[in-house]
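# Quick one: sequence plus predicted model below, questions after.
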Amino acid sequence: MMKKLLLTSAITIVSIPVAQAAPEIYGKAFLTTDYINDEADYTNRVDDAPEDSDVDSVQINSNFSRLGLRGSEAITVNTDVIYRLEYGIDIDGDDSNTFTSRDTYLGLVNKDYGEFRVGRNTSVLGYVYDPMVARAYWDNLGKRTLNDNGGVAALNMLDYTRSDSSVLWIAPEYKDLQLVVQYVADEGSDDNKDKDGYGAALKLDKDSYTAAIAYSKDIEASGSINTLDFVTDDNAEGLINYGGDAFRGTITVDLDEYIDMSTPLTLGAVYQQADYDFAGSHKEKGLIVSGKMALENFAHPASVYLQYNKTDNLNGIDNNNSDQIVLGGEYELKDNVIAHAYVGQNSADYTSPLDPTNSVADIKVFAVGGGLEYLF
């Protein structure tokens with residue numbers, strides 16, 4: 001009788017499921033209303049080029065809104081399994097891709113050996129982003145081509161965002177230093193076996209400043225684009241390959257830590273070079289300087305910022321340059337509810353890769369807007 005009782009108890013204990021940590025649901029909803037004036041002067045036309053344009057519009061825009069699921073579960077005393085499934089959501093519904101994949105990975109984190117993530121990961125350049133303070137419509141780093149139909153856009157320097165089929169290692173922090181290493185598998189044809197990508201970022205995070213560097217080689221999937229659909233030359237397809245290497249260095253300084261100031265002021269700077277893998281390309285060189293100042297005498301935290309972006313040889317094409325300046329402000333209604341307002345302008349000389357000495361278009365984009373960001 002006792003044996004049967006013990007056996008029954010043992011079976012009952014085994015059948016009880018092991019407690020699992022509940023996943024966390026999180027996200028961001030960020031909507032703005034923007035007035036936009038975009039102009040395109042196609043000074044040296046090629047066949048089937050669009051007509052010169054000067055368009056005013058009012059737009060409702062979803063700005064990197066997202067919904068995610070993340071969590072972890074202990075598998076040993078020192079090691080947890082971790083996971084994240086995060087998707088961008090086009091809240092205003094004007095994009096054909098309502099859901100887009102962001103960071104989606106499965107991994108392990110160990111107290112001694114750091115964190116390993118396998119899947120779709122933020123690239124190493126994304127880990128050195130501190131000086132970029134412009135938001136909403138002007139959070140456009142990486143927008144570097146016109147739309148497929150030649151539509152006007154505010155153009156800016158290269159920015160690798162996420163990498164498919166990648167392994168990311170985040171080393172344990174050591175004396176305020178954080179190291180991130182990434183490997184990206186090229187799952188293309190056998191001819192491209194040498195295009196596996198890799199990169200690393202190193203960041204020093206002190207109380208009064210941060211300094212960081214990042215380097216990537218063939219991180220972004222080696223794919224080609226048509227820079228403009230009206231470039232009809234048969235050689236245009238495949239001309240620009242975004243394999244290559246990129247270097248980014250950043251620094252931010254809390255100036256009030258060194259100078260007696262009535263309001264906190266943070267200054268930032270970015271220098272970046274990108275070297276593309278197509279014949280005749282020039283190094284794309286980018287510079288960003290920014291300042292963000294806290295405002296006093298408000299019921300809730302408030303700040304204003306100014307950011308200037310300059311890119312030479314956009315897309316690796318000589319004389320393809322852009323300048324951008326943005327003034328904006330933020331007001332925290334609550335810790336997770338932020339009101340935004342901003343105004344900015346982008347000017348670009350857009351050249352054809354078929355003949356970089358000739359300007360395809362002079363682009364000018366002006367935008368002013370504001371909206372609400374809700375974090376949950």
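Nice, thanks for sending it over. Numbers count the residues shown, from 1 in each chain.
# which regions of the stretch 1-150 of the chain lie under the pLDDT threshold?
Scanning the stretch 1-150 of the chain for pLDDT under 70 picks out 1-20, 43-50, 96, 147-150.
# which residues of it fall in strands?
With strands called from DSSP state E, counting those that start in this stretch, the stretch 1-150 of the chain shows them at 24-41, 53-62, 66-74, 79-89, 99-110, 114-122.
# Can I get those strands in a markdown table including distance to Tyr129?
Every residue, glycine included, has its C-beta placed from N, CA and C. A markdown table is the format used below for those (distance: least, Cβ to Cβ, whole Å):
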| stretch | distance to Tyr129 |
| --- | --- |
| strand 24-41 | 16 |
| strand 53-62 | 20 |
| strand 66-74 | 16 |
| strand 79-89 | 17 |
| strand 99-110 | 14 |
| strand 114-122 | 9 |
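# for those strands, which one sits closest to His340?
strand 24-41 (6.7 Å; Cβ to Cβ).
# helices or strands up against the closest one?
Under the contact criterion of 3 or more Cβ pairs under 8 Å, 6 or more residues apart in numbering; DSSP states H and E, strand 24-41 touches strand 53-62, strand 66-74, strand 355-375.
# which residue ranges form the helices in this structure?
2-15 (DSSP state H).
# center of it - which residue?
Centroid-nearest residue in the chain: Thr161, 4.3 Å away (criterion: Cα atoms, centre = their mean).
# So it sits against Gly126, correct?
Yes. With contact defined as Cβ atoms under 8 Å, Thr161 reaches Gly126; the gap is 6.5 Å.
# Show me the shaky parts of the stretch 151-300 of the chain.
For the stretch 151-300 of the chain (pLDDT under 70), the answer is 187-194, 219-243, 279.
# Just the strands from it, written as ranges.
Counting by DSSP E, counting those that start in this stretch, the strands of the stretch 151-300 of the chain are 162-170, 177-184, 197-205, 209-217, 224-225, 240-241, 244-254, 265-276, 284-295.
# Pull the number of nearby residues for the residue nearest to Ala339 when sequence neighbours are not counted.
Spatial nearest neighbour of Ala339, excluding adjacent residues (Cβ to Cβ, 6 or more residues apart in numbering): Tyr331 at 4.5 Å. Tyr331: 18 surrounding residues under other Cβ atoms under 10 Å.
# and the residue nearest to Asn309 when sequence neighbours are not counted, what does it touch?
Closest residue to Asn309 apart from its sequence neighbours, by Cβ to Cβ, 6+ apart: Gln324 at 4.2 Å. Counting by Cβ atoms under 8 Å, 6 or more residues apart in numbering, Gln324 touches 138, 154, 156, 308-310, 344-347.
# Drop anything exposed from these.
The neighbour-count criterion (16 or more other Cβ atoms under 10 Å) marks 138, 154, 156, 309-310, 344-347 among the contacts of Gln324 as buried.
# Can I get the strands of the stretch 151-300 of the chain in JSON lines including mean neighbour count?
Output for the strands of the stretch 151-300 of the chain, formatted as JSON lines (neighbours: other Cβ atoms under 10 Å):
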{"stretch": "strand 162-170", "mean neighbour count": "19"}
{"stretch": "strand 177-184", "mean neighbour count": "19"}
{"stretch": "strand 197-205", "mean neighbour count": "19"}
{"stretch": "strand 209-217", "mean neighbour count": "20"}
{"stretch": "strand 224-225", "mean neighbour count": "15"}
{"stretch": "strand 240-241", "mean neighbour count": "20"}
{"stretch": "strand 244-254", "mean neighbour count": "20"}
{"stretch": "strand 265-276", "mean neighbour count": "20"}
{"stretch": "strand 284-295", "mean neighbour count": "18"}
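# So for Pro131, which of those sits nearest?
For these, proximity to Pro131 was assessed by Cβ to Cβ; strand 265-276 is nearest, at 2.6 Å.
# before we move on, the earlier item: single out whichever of the contacts of Gln324 has the smallest pLDDT.
Here the lowest pLDDT out of the contacts of Gln324 sits on Ala154, with 89.
# From Glu39, how far out is the residue nearest to that one when sequence neighbours are not counted?
Closest residue in space to Ala154, ignoring its immediate chain neighbours: Asn346 at 3.7 Å, by Cβ to Cβ, 6+ apart. Distance of Asn346 to Glu39, given as Cβ to Cβ, to the nearest Å: 11 Å.
# Show me whatever sits in contact with both of these two.
363-365.
# Please convert those residues to JSON lines, extending it with distance to Ala214 and neighbour count.
Below are these laid out as JSON lines (distance: Cβ to Cβ, whole Å; neighbours: other Cβ atoms under 10 Å):
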{"residue": "Ile363", "distance to Ala214": "28", "neighbour count": "21"}
{"residue": "Lys364", "distance to Ala214": "31", "neighbour count": "17"}
{"residue": "Val365", "distance to Ala214": "28", "neighbour count": "23"}
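# Sounds good, over and out.
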